[in-house]
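Visitor: fold the stuff below for me.
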Amino acid sequence: MTRSLILAMALVVAPGSLVFAQDMRAAQTEKAAPLTTAEGTVKVDGGKTWFVADADQKPWEVINPEALKGHEGHHVQVSAHLYSDKNAIHVMSVKMLK
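Guide: Prediction:
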């Protein structure tokens, strides 16, 4: 009887822990984006906020546009996580430049 109960519990718990492990792996992959500092201009086009880097004029879609609210059209320096595969950035901090 106890053996059956232990087996039943193992069958219930094991799949949940596998899903949890997969979720943790996915979260670690997303967190692996490098933190970079870049200078550029904040643009708004089509309802989306973009950061256009000075170095190569490449536009990056801003994942969290509220971080750049009020900086539209300004030259700024951002510290951001870059997601090259999505052509997007997550801004961690912003500093106005002259």
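Visitor: thought Thr41 was touching Glu72?
Guide: No - distance between Thr41 and Glu72: 9.3 Å, which falls outside the contact criterion (Cβ atoms under 8 Å). Every residue, glycine included, has its C-beta placed from N, CA and C.
Visitor: okay, those two: which has more neighbours?
Guide: Using other Cβ atoms under 10 Å as the criterion, Thr41 and Glu72 rank with Thr41 on top: 18 against 13.
Visitor: surely that one is within a strand?
Guide: Yes - counting by DSSP: H, G, I helix; E, B strand; the rest coil, Thr41 is located in a strand.
Visitor: measure the spatially closest residue to it that is not a sequence neighbour to His71 for me?
Guide: Counting by Cβ to Cβ, 6 or more residues apart in numbering, Val52 is the residue found nearest to Thr41 once chain neighbours are left out, at 4.9 Å. Per Cβ to Cβ, to the nearest Å, Val52 is found 12 Å from His71.
Visitor: between these two, which is the more surrounded one?
Guide: His71 (18 against 13).
Visitor: can you confirm the more buried one is in a strand?
Guide: No - counting by three-state DSSP, His71 is not found in a strand; it is coil.
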